[in-house]
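Chemist: Compute the structure for the input listed below.
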Amino acid sequence: MSLLIGSVLRHLERLLKKMKTGAVLFNYSIPSTIEYILAKLAYYGNKLLELIVYFAKRVSRLANLLQISMIDSMIVASLWYGFLVLALMLIVLYLYIVAGD
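Modeler: Numbering: from 1, shown residues only. Down below sits the predicted model:
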């Protein structure tokens, strides 16, 4: 492994260790500033991902409720349609019998 690759890996290991502990100290040197910015971006990215997952779950629950209510309303509508057809058939049959006399 070359010296440059080893140095980069050690630097990334230190950055990862700082991100895991959440203890990122702010120094005014450029590498520390970059580490700080990357750590904060990772932190806010994790928070944003949690927020996106939360809202996706909420939307899927609402869609599921809407789907269930749509199925229920279709069942009720078909029952009402059946009752109307049955009532019309009874009215026509009654009028046929009464008019036939």
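Chemist: What is the longest helix belonging to the chain packed up against?
Modeler: The helix that spans the most residues within the chain, counting by DSSP state H, is helix 30-100. Packing contacts for helix 30-100, counted by 3 or more CB pairs under 8 Å, 6 or more residues apart in numbering; DSSP states H and E, involve helix 3-21. In this view, the C-beta of every residue, glycine as well, is placed from N, C-alpha and C.
Chemist: got the buried residues for the helix it packs on?
Modeler: Neighbour-count burial for helix 3-21, counted by 16 or more other CB atoms under 10 Å, picks out L15, K18, M19.
Chemist: Now do it against helix 30-100, angle only.
Modeler: Using axes from the mean of the first three to the mean of the last three CA atoms, to 10 degrees, the inter-axis angle of helix 3-21 relative to helix 30-100 is 60 degrees.
Chemist: now helix 3-21: mean pLDDT?
Modeler: Average pLDDT, helix 3-21: 75.
Chemist: helices or strands next to that helix in the packing?
Modeler: helix 30-100.
Chemist: Just want the most central residue of the protein.
Modeler: A56 (1.2 Å; CA atoms, centre = their mean).
Chemist: Now do the same contact list for that residue.
Modeler: For A56, no contacting residues are found, by CB atoms under 8 Å, 6 or more residues apart in numbering.
Chemist: Also M19?
Modeler: By CB under 8 Å, 6+ apart, the neighbours of M19 are L38, A39, A42, Y43.
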